[in-house]
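Novice: Got a predicted structure plus its sequence, pasted below:
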Amino acid sequence: MVANGHKVSRPLRPGIYAPIPTFFKAGSEDLDLETTSAHIARVAKQGIAPLVGGSMGEAHHMSHSERVELIKGARKALDDAGFTDLPVIAGTGAGSTRETIQVTQEAADAGADYAIVIASGYFAGALANNRPALKAFFGEVAEKSPIPVIIYNFPGAAGGIDLDSDIITEIGLENPNICGVKLTCGNVGKFTRIADAVIQPNFTPRKNPDAPFLVLGGFVDFLVPTTFANGHGTITGLANLAPHVIAKLWSLANAALKDTSKLQEALHIQGIAARADFTIAKTSIPGMKFLIEKEYGYGGLARKPLYPLTDAEKQAIWEHPHTQDLLRLERELSGKKA
């Protein structure tokens with residue numbers, strides 16, 4: 001990327017990334033860029049880079065131009081807050097290969113450093129077991145993308161398409177512009193196999209030296225185990241609600257690699273985060289936005305047809321011990337009183 005006439009290098013580093021919710025104005029569902037930007041800056045204070053226009057960001061509910069606005073807003077939010085070195089990852093999945101390439105090019109032009117791409121699930125019945133078609137899709141997108149591409153494996157958002165470890169490794173080997181994978185399938189065995197494959201001498205060097213192949217979780221509930229299996233972190237929605245907790249967990253997991261006396265503390269926080277991740281994920285985007293609003297004073301609603309939680313559901317998720325344990329620790333680590 002070029003800023004003020006100088007090339008800016010924003011490497012894709014192991015760590016924590018947050019799929020940012022897209023906030024909307026009350027009553028209109030128009031983009032609330034001010035709130036979204038402020039949220040990005042708040043999360044970035046813990047060294048957590050944003051992923052905009054992903055599943056949590058309701059990309060499927062947005063136009064191309066809105067995606068571009070979000071990316072530009074994210075870059076400006078980071079720069080204005082002094083986080084010029086943090087990259088912006090943009091979700092660029094779409095219906096067809098052609099449109100996915102178009103959205104990826106638009107994202108790059110808007111200032112995204114990396115793209116994350118999910119397989120199109122509309123024709124999952126024809127694609128799910130067609131390995132040549134899936135490999136061709138990711139291969140063509142990566143080849144024509146001006147920025148490095150992360151594979152997004154999320155069966156729940158791709159009509160059940162679940163890429164196995166062999167095909168993900170093959171795509172990585174054959175396409176040096178592929179710079180990683182996000183495994184929202186939650187398959188620890190798959191994660192371990194891919195993480196081992198990418199450290200082997202035969203794994204193709206990446207096209208961009210700033211973009212090594214990262215193996216990232218899509219949940220935070222197995223961060224410690226996968227750190228010990230050569231994993232590179234996670235892209236977790238929970239970082240929107242408890243960034244201090246998730247950043248601390250990542251720090252402890254890595255410290256435990258060198259000093260096993262840190263492992264018990266890491267596992268203690270891992271347990272709190274894992275239980276919260278499991279419980280809060282059941283309420284999807286409306287639940288996450290509600291909890292952010294309850295704790296931080298902003299959040300609002302998701303775009304229709306996503307439906308807000310009922311009052312009873314709100315009370316249940318707020319008062320749930322898994323939620324309260326997480327928030328109690330977040331307040332403690334951030335210095336905020338309950």
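Specialist: All right, it came through fine. Numbering: from 1, shown residues only.

Novice: Ends of stretch 192-211, what's the gap?
Specialist: Stretch 192-211 has its terminal residues 20 Å apart, counting by C-alpha to C-alpha, to the nearest Å.

Novice: and that stretch, what's its mean pLDDT?
Specialist: The average pLDDT within stretch 192-211 is 94.

Novice: Identify each buried residue in it, please.
Specialist: Within stretch 192-211, the residues that count as buried by 16 or more other C-beta atoms under 10 Å are Thr192, Arg193, Ile194, Ala195, Ala197, Val198, Arg206, Asn208, Ala211. Where C-beta positions appear, they are placed from N, C-alpha and C, glycine not excepted.

Novice: And the helices in this protein?
Specialist: 33-44, 64-80, 97-110, 124-127, 131-144, 165-174, 188-197, 223-227, 243-258, 263-281, 284-296, 311-319, 321-334 (DSSP state H).

Novice: Most tightly packed of those?
Specialist: helix 223-227 (a mean of 22; mean count of other C-beta atoms under 10 Å).

Novice: which residues touch that one?
Specialist: Helix 223-227 is touched from outside by 188, 191-192, 195, 215, 217, 231, 233-234, 249-250, 252-254, 256-257, 263, 266-267, 270, 273, with contacts defined as C-beta atoms under 8 Å, 6 or more residues apart in numbering.

Novice: Likewise for stretch 21-33?
Specialist: Here stretch 21-33 has contacts from 35-36, 39, 52-53, 56-58, 62, 66, 69-70, 73, 240, 285, 288-289, 292, 298-304, using C-beta under 8 Å, 6+ apart.

Novice: Kindly provide the distance from the closest residue to Val103 other than its chain neighbours to Leu51.
Specialist: Residue nearest to Val103 in three dimensions, not counting chain neighbours: Thr92, with 4.3 Å by C-beta to C-beta, 6 or more residues apart in numbering. Between Thr92 and Leu51 the computed distance is 11 Å (C-beta to C-beta, to the nearest Å).

Novice: if you count what's nearby, which of the two comes out ahead?
Specialist: Thr92 (32 against 28; other C-beta atoms under 10 Å).

Novice: these two touch, right, the more buried one and Val117?
Specialist: Yes. Applying C-beta atoms under 8 Å, one finds Thr92 in contact with Val117, separated by 5.7 Å.

Novice: Between these two, which contacts overlap?
Specialist: Thr100, Thr104.

Novice: re earlier: now render the helices of the chain as a markdown table, adding distance to Ile151.
Specialist: Shown next, in a markdown table, are these (distance: least, C-beta to C-beta, whole Å):
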| stretch | distance to Ile151 |
| --- | --- |
| helix 33-44 | 23 |
| helix 64-80 | 19 |
| helix 97-110 | 12 |
| helix 124-127 | 14 |
| helix 131-144 | 6 |
| helix 165-174 | 6 |
| helix 188-197 | 10 |
| helix 223-227 | 16 |
| helix 243-258 | 21 |
| helix 263-281 | 21 |
| helix 284-296 | 22 |
| helix 311-319 | 31 |
| helix 321-334 | 29 |
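
Novice: Nearest to Ile20 among the ones you listed would be which one?
Specialist: helix 33-44 (5.9 Å; C-beta to C-beta).

Novice: got the CA positions of that closest one in PDB?
Specialist: Presented in PDB, the C-alpha positions along helix 33-44 are these (Å, rounded to 0.1, in the frame of the first residue of the first chain):
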ATOM      1  CA  LEU A  33     -19.400   4.600   9.800                       C
ATOM      2  CA  GLU A  34     -18.700   6.700  12.900                       C
ATOM      3  CA  THR A  35     -19.600   4.000  15.300                       C
ATOM      4  CA  THR A  36     -17.900   1.300  13.300                       C
ATOM      5  CA  SER A  37     -14.700   3.300  13.100                       C
ATOM      6  CA  ALA A  38     -14.700   4.000  16.800                       C
ATOM      7  CA  HIS A  39     -15.200   0.300  17.500                       C
ATOM      8  CA  ILE A  40     -12.300  -0.600  15.200                       C
ATOM      9  CA  ALA A  41     -10.000   1.900  17.000                       C
ATOM     10  CA  ARG A  42     -11.100   0.500  20.400                       C
ATOM     11  CA  VAL A  43     -10.300  -3.100  19.500                       C
ATOM     12  CA  ALA A  44      -7.000  -2.000  17.800                       C
END
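
Novice: Now do it, average pLDDT.
Specialist: 97.

Novice: okay, the angle between it and helix 64-80?
Specialist: Counting by axes from the mean of the first three to the mean of the last three C-alpha atoms, to 10 degrees, helix 33-44 lies at 50 degrees to helix 64-80.

Novice: got the angle for helix 33-44 vs helix 284-296?
Specialist: Using the same axes, to 10 degrees: helix 33-44 against helix 284-296 is 80 degrees.

Novice: Now do helix 33-44: distance to the chain's middle.
Specialist: Average the C-alpha atoms of helix 33-44, do the same for its chain, and the two points are 15 Å apart (C-alpha atoms, centre = their mean, to the nearest Å).

Novice: and if you look at stretch 42-49?
Specialist: 13 Å.
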